[in-house]
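1. Let's see this in three dimensions:
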Amino acid sequence: MEFIKTKEDNLAQEYSKELPDNQTVCKDILKLLKNDTTKVIFDKDIDDSYYVFLNNSIYIADNTKNNNLYTRVVLIAHECIHSMQSKILQIFNFLSSNIEVIMFLIILFLKIFLKTVNNVLIYSYVSVCLISLILRLILEVCAVVNSLKLGREYLYKKMSNKDHANLIINTSGKYLKKYSLLFIISLCFGRFVRLFILLPILKM
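-> Next up is the predicted model:
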């Protein structure tokens, strides 16, 4: 994905060089959120950064793209926001996502090998699928929306030139707006694929 296309992109990229490394940015933003419990792990073996609620850790991808791109502050802020979200909601998201996959495999097994599936199980699967999708969207959309606000707050504290900070955030915002639909589709894609796989099988 090519991000550096416009004059604003180039300026945002240049201004972002004033900022510290990603691990420091992440720790600074966590301090801003008064979060002193989440661990920050710099990892060369992953492609993208993410938050894992099971061990309350943010994994920061150590590669050229993530270390240098001007959007890195907003993307890190996104993961920091995840670390502050309701643990109850994250647990339900984790459970419903895994239960959905298990139910899909059970229905597939029953239909292929036993040639029958109870309707209650089918309706239950669809319900769990929708619930898991809604929970995931709540967590992710909340993080996307608030990452710009948090990123701006961090940059205002870190950069003496507010115009530079605004340009980085506004340009990052254009990137988020441009790819938000693709992001939402990626969240739904796996569940929709499983639903479409089941439809023709259930008609057999």
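
2. Nearest to the spatial middle of this protein, which residue is it?
-> Nearest residue to the geometric centre of the chain (Cα atoms, centre = their mean): residue 140, 5.5 Å.

3. nearest residue to that residue other than its sequence neighbours?
-> Spatial nearest neighbour of residue 140, chain neighbours left out: residue 187 (6.1 Å); criterion: Cβ to Cβ, 6 or more residues apart in numbering. From N, CA and C alone the C-beta is placed, and that goes for glycine too.

4. for this structure, what spans make up the helices?
-> 7-15, 22-32, 64-68, 72-84, 87-109, 119-158, 162-202 (DSSP state H).

5. My read is that the residue nearest to residue 140 contacts residue 137, right?
-> Yes - with contact defined as Cβ atoms under 8 Å, residue 187 reaches residue 137; the gap is 6.4 Å.

6. so how far is residue 28 from the closest residue in space to residue 107 that isn't next to it in sequence?
-> Counting by Cβ to Cβ, 6+ apart, residue 107 lies nearest to residue 117, which is 5.5 Å off, once chain neighbours are set aside. Going from residue 117 to residue 28 by Cβ to Cβ, to the nearest Å gives 52 Å.

7. same question, residue 109
-> 49 Å.
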